[in-house]
Structures are given as C-alpha cells and as structure tokens.
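*Asks:* Prediction below, plus the sequence it came from.
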Amino acid sequence: MTIAAPQLAPAYLWLAPAIGLACIGTLATAADLGTTSYLVSLLPVLACGVGFLILKAIEQPRNAIACFLVFFVFVPRLNFRIEPDEQAFDLQNVIKLSAWIVLFLVSAVRWRRIAPFLREPVVALAFAYATITLASTGWSEVPAFTGANALGLFVQLSFCCLLMVDLGEDATIRIMVWSLLAYVTLGVIGGGLAPELTWLPPSLEESTYRLQGFSTHPNVFAQDTAVFTILALMARSKGLIGCRVFWGMLLLGGSVLLATGSRTTLAALLAATTLVKIRNSRFFGRTVFAATAILALALAWAALAGLPNLDNFLAGFSRTGQASEILTLTERTEIWEVAWMRIFEKPLFGWGYNSTLQVLADSFDKSFHGTSNHAHNSFLQSLLSVGFLGSLPAFAWTFLLVYRFVTRPDPIRDQITLFTIGTGISEVGISGVPVLLTLACMWAIAREGAKRTLANSSWAPRANSSWGAMRLD
C-alpha cells in the first residue's frame, strides 16, 4: 500500500499568512505595543512556511533537498550583520537558526533514511560528537548560543546524509560548485562596484587592503573560495565540467585567494592538493622516502650548525613587514597559550560548545590587538568547548580518515580531510560556528557512510537523473 504525502489546497495555504498580516494590520492601527507583538503576529506566517517546506520535502525530496542545498551554500555566506557581535540575535543568526530548525524537522521526519548511515564508524562518531555538543548546552555559560550552534552541527551532518540519499555524489558536487561560483563571482563584482563593503581596510600596523566579498571577513571568504576550488577539482576529475570551465574556475579561485591575503588557507589548500596527488601517484613510496631523508638532514643540520637568521625572509611574507607576525601566526600563539590554560580549568567536558568568546576575552588585557573571540585552532577550540572526553569522537573520526588516506586513498575524501586539518591549525574550522567548511566536512563523512549503506539499497539515488546528467564545457 502506498501512502501519499498530504497536500495543501491553495485556500488553506494562504490562510495562515492572511491571519498573520491581518494581525499586523490591526496592531498598526492600535497603540504602540512594542516590537514583540509584531513578531508574535508573524508566527502563523512562519509556521505555514515551515510546514509547507516540510511537506514538499516529503512529497518531492530530491527537488526540496536541492533547493535547501543552494540556500545553504549561498545565503548564510552573505553578511547581514551590522554590529560585530556573533552571539547577538540578529538577522544573520536568525537566518541560520531558521534554516537549521527547518532541516532538523525534515531530518526527524526522514530519520529512517539517515539511520542506516550509523553502520559506518566515522558517521557514528560524528553523530556522537554532535550529540555531546548538544548536551553541552546544559553547562554552557551562553546556553542559547551553544544550543543553536550544536543544532547546526547536528543538522548539517543529517542533511549531508540526505544529500547522499536523494541527490547522490555527482549532483551534490555540481550544485555546490555552481552555487559557490555565483557566490565568489558576486564577491568579486562587489569588489569593483562597492569597495567600501567588500574590502577590509588595513589595521594600524598593516598596509594592504584585503578582499572579503560580501562575507564577514577575508579569512572567511578565503576559506569559502578554497572549498569552491576543491569542488572544482572534484568536478573536473569526475568529468562534470569541461576543461575550459575548470581552468576559469581555478583562475578565479586562485585570484580571490591572493586578494584575500589569507596565507594559511592558501597554504592548506596547496598542501592538501599536493599530498593527495602524491599519495595517488606511482611515486608515492619514493616521495615519502625522499621527504623523510630531507627532513632528517635538515634536523641534523639545525642541531649541529643552528638555524640561520630568517627574519628578513619571513618579513617578506608578512602584512606588517615584521617576521614576528609569521612566527606567531599573527599573535595566535599567545591565544593558544591562554586557551590551553583555560582548558585545564574544565578539562573533561569543557565550557560548552562554542561558548568561549567571553572566556577568552576575559583572559586578555585591553591592549591585546589580536582577535580573541575563539582559540584560532580547531583542536584547541574543541577541547575548550567540550573537553578531552567530549572531543574523543572528533579526534577518533579524524584519525580514521587520516588512516584511510594512507591505506585506502580516496581523492575526494582525502582532499577535504587534509584541507580541514590544515586550516584547523590556525582557524577554528569545524569546531566553531557551522560554516561552509563544516558542510563540506560533514558531506565527506556522510559519503563514507553512503559507500557502506547505499551500494545495494533500493532507494539509492538514480545515476541518470536530471541533476547528475548536465555538463557545461
């Protein structure tokens, strides 16, 4: 017996918005009752919209999930924030939270499609970590912000499982790469038409402007662009885009990365790409042997003769002209030292997921010029947020993915894994507010589950579907 998804007649579909608008109109003619009364009147409208999206996700999951993916990739990347307070209940966070709530409800309705992915240890560990972050709401100093971010992490993993079920690998890559192409291109166009919005002025010690597009920061725009470049490499390797389109995307991505001035992101991208290429070449063994020998000789030379003075060399890579900027990773080493001390104040389960903004800020003097809103290191941030015990699942899945890079290479998975680890050295990465890199990482994890789950499944995505058949040269 087939059970059809419920349908909404047009009259009923417009009933809730009509009621909400009528309430707003009535309030507008009455005495001033405050902003809250107007927001309450919008609840019927929002409830109707959420219900409609969920019903469509049940009735036509492929189209609904594809639309969700475009929205997830594009809209949350844009900067709607006026005040630089990432914990404020502003439009930026409202958009993210609303999307996460809708997708949480969709995931709850379709949990039978997600549950089989738990057979894969990497997916099970990721869900365990997400569950711990949700539980950390109970001991967080900012429980609302912790709960919202933990929900976002949990939802992104669930959503990526549904991507593998409904769209498959090729369609997901195609939708993400073209959506990101639009996003990056918009940022570049904005750099020419609205420079006051899209370029970050230099600080007191710096002398260069940095492109941030319509994102919140140049480092964020650089990270998003790096993910776009990785997806372009994937799309080309799978034959989803032509050679000319690929080189155009690569040129755009490289130019934007240089304009953002994010050296660590560029280094992580180049390192991840190089390691993946070497691992999948027939010269892997010889390359590892040669690299080990060179490293041993370098260490021996440093021990016997001492390291040469590299200040002038390193100063050429800094934005301030000082070698100390490179050696301290723009004062990140000071933040790491403070973060490590605060970790041992609550070593087992931490301070609460991503609730450490005030914890770190209170540890620095007002004269400190660095950005101390998080640990600027993915591993330290996880320890600070959920402690050593809470971080075990995340460290375990990272170890498993690196182990598989060595023993069972998979260029798509390995590129994302190595880039995530590389950027995690100097940025909060997937241990902070869920961002595009978090989505890419969760997709790589869900893809591991799909290898085990969808191989012989009757509800695996169709290989010849319209989402996976297009190609532009």
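*Replies:* Arrived safely. Numbering: from 1, shown residues only.

*Asks:* just the helices in the stretch 301-450 of the chain please.
*Replies:* In the stretch 301-450 of the chain, the segments counted as helices under DSSP state H, counting those that start in this stretch are 311-315, 323-327, 332-343, 357-361, 378-407, 411-423, 436-453.

*Asks:* Columns distance to residue 270 on top of those, output as a markdown table?
*Replies:* Yep, even glycine has a C-beta here, placed from its N, CA and C like the rest. Formatted as a markdown table, the helices of the stretch 301-450 of the chain follow (distance: least, Cβ to Cβ, whole Å):
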| stretch | distance to residue 270 |
| --- | --- |
| helix 311-315 | 18 |
| helix 323-327 | 17 |
| helix 332-343 | 20 |
| helix 357-361 | 30 |
| helix 378-407 | 17 |
| helix 411-423 | 9 |
| helix 436-453 | 16 |
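
*Asks:* pLDDT below threshold where in the stretch 201-350 of the chain?
*Replies:* Screening the stretch 201-350 of the chain residue by residue with the criterion pLDDT under 70, one finds the ranges 204-206, 284-286, 288-289, 292, 295, 297-331.

*Asks:* all strands for it, in order.
*Replies:* When assigned using DSSP state E, counting those that start in this stretch, the strands of the stretch 201-350 of the chain occupy the ranges 210-211.

*Asks:* what about the helices of the stretch 301-450 of the chain, which gets the closest to residue 140?
*Replies:* Of all the helices of the stretch 301-450 of the chain, the one in closest proximity to residue 140, counting by Cβ to Cβ, is helix 378-407 (8.8 Å).

*Asks:* buried set for that closest one?
*Replies:* 378-387, 390-394, 396-398, 400-401, 404-405 (16 or more other Cβ atoms under 10 Å).

*Asks:* what does stretch 267-280 give?
*Replies:* Across stretch 267-280, burial judged by 16+ other Cβ under 10 Å covers 268, 269, 272, 273, 275, 276, 279.

*Asks:* Can you tell me, leaving aside adjacent residues, what's nearest to the first one?
*Replies:* Read that as residue 268. residue 422 (3.0 Å; Cβ to Cβ, 6 or more residues apart in numbering).

*Asks:* residues contacting the one you found?
*Replies:* 264, 267, 268, 269, 271, 272 (Cβ atoms under 8 Å, 6 or more residues apart in numbering).

*Asks:* Local confidence estimate at it?
*Replies:* Per-residue pLDDT puts residue 422 at 92.

*Asks:* and the gap between it and residue 412?
*Replies:* 16 Å (Cβ to Cβ, to the nearest Å).

*Asks:* Could you do residue 217 as well?
*Replies:* Residue 217 sits 28 Å away from residue 412, going by Cβ to Cβ.

*Asks:* ok, now residue 345?
*Replies:* Plainly put, residue 345 is 40 Å away from residue 412 if you go by Cβ to Cβ.

*Asks:* what's the answer for residue 170, then?
*Replies:* Following Cβ to Cβ, the distance that separates residue 170 from residue 412 is 11 Å.

*Asks:* go on, residue 186?
*Replies:* Distance, residue 186 to residue 412, using Cβ to Cβ: 26 Å.

*Asks:* related to what we said a few turns ago, give me the more crowded residue out of residue 345 and residue 412.
*Replies:* Each of residue 345 and residue 412 has its neighbours counted (other Cβ atoms under 10 Å); residue 412 has more, 19 against 10.

*Asks:* shouldn't the more buried one be in contact with residue 448?
*Replies:* No - contact criterion Cβ atoms under 8 Å: residue 412 and residue 448 do not qualify, at 10.5 Å.

*Asks:* what about the closest residue to residue 445 other than its chain neighbours, which SS state?
*Replies:* Spatial nearest neighbour of residue 445, chain neighbours left out: residue 126 (5.0 Å); criterion: Cβ to Cβ, 6+ apart. At residue 126, secondary structure determined by DSSP: H, G, I helix; E, B strand; the rest coil is helix.

*Asks:* OK, contacts around the residue lying closest to residue 209 once chain neighbours are set aside?
*Replies:* In this structure, residue 209 finds its nearest non-sequential neighbour in residue 199, 4.6 Å apart by Cβ to Cβ, 6+ apart. Residue 199 makes contact with 191, 209, 210, 211, 212 under the criterion Cβ under 8 Å, 6+ apart.

*Asks:* what's the burial count for the last one?
*Replies:* Here the number of neighbours of residue 212 (other Cβ under 10 Å) works out to 25.

*Asks:* go on, the first one?
*Replies:* Residue crowding around residue 191 was assessed by other Cβ under 10 Å; the count is 19.

*Asks:* Quick check: which element contains it?
*Replies:* Residue 191 belongs to helix 168-193 when elements are defined using DSSP states H and E.

*Asks:* contact partners of the helix or strand following that helix?
*Replies:* Taking DSSP H and E as the definition, the helix or strand that follows helix 168-193 towards the C-terminus is helix 195-198. Judged by Cβ under 8 Å, 6+ apart, the contacts made with helix 195-198 from elsewhere in the structure are 187, 190, 191, 211, 212, 213, 214.

*Asks:* from what I can see the third one touches residue 211, true?
*Replies:* Yes - using Cβ under 8 Å as the test, residue 191 is close enough to residue 211 to be in contact (5.4 Å).

*Asks:* anything in contact with each of these two?
*Replies:* Both residue 191 and residue 211 are contacted by 198, 199, 259, under the criterion Cβ under 8 Å, 6+ apart.

*Asks:* Which residue is the nearest non-sequential neighbour of the first one?
*Replies:* Which is residue 198. Ranked by Cβ to Cβ, 6+ apart and with sequence neighbours excluded, the top spatial neighbour of residue 198 is residue 190, at 4.2 Å.

*Asks:* wouldn't residue 186 be in contact with residue 214 here?
*Replies:* Yes - at 6.4 Å, residue 186 counts as touching residue 214 under the criterion of Cβ under 8 Å.

*Asks:* which parts of the stretch of helix or strand residue 129 belongs to are buried?
*Replies:* With elements delineated by DSSP H and E, residue 129 resides in helix 121-135, which encompasses its position. Buried residues in helix 121-135, defined by neighbour count with 16+ other Cβ under 10 Å: 122-130, 132-135.

*Asks:* from what I can see residue 101 touches residue 154, true?
*Replies:* No - with contact defined as Cβ under 8 Å, residue 101 and residue 154 do not form a contacting pair (11.5 Å).

*Asks:* And these two? Which one has more around it.
*Replies:* Ranked by neighbour count (other Cβ under 10 Å), residue 101 and residue 154 place residue 154 first, with 23 against 16.

*Asks:* how close does the more buried one get to residue 356?
*Replies:* As defined by Cβ to Cβ, residue 154 lies at a distance of 19 Å from residue 356.

*Asks:* Next: residue 209.
*Replies:* Relative to residue 356, residue 209 is positioned 30 Å away (Cβ to Cβ).

*Asks:* Specify which residue of these two has the higher count of neighbours.
*Replies:* A count of neighbours by other Cβ under 10 Å puts residue 356 above the other of residue 209 and residue 356, at 28 against 16.

*Asks:* In JSON lines: the buried residues of helix 121-135, plus pLDDT.
*Replies:* Rendered in JSON lines, the data for the buried residues of helix 121-135 read as follows (pLDDT from 0 to 100):
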{"residue": "122", "pLDDT": "96"}
{"residue": "123", "pLDDT": "96"}
{"residue": "124", "pLDDT": "96"}
{"residue": "125", "pLDDT": "97"}
{"residue": "126", "pLDDT": "97"}
{"residue": "127", "pLDDT": "97"}
{"residue": "128", "pLDDT": "97"}
{"residue": "129", "pLDDT": "97"}
{"residue": "130", "pLDDT": "96"}
{"residue": "132", "pLDDT": "96"}
{"residue": "133", "pLDDT": "95"}
{"residue": "134", "pLDDT": "95"}
{"residue": "135", "pLDDT": "95"}
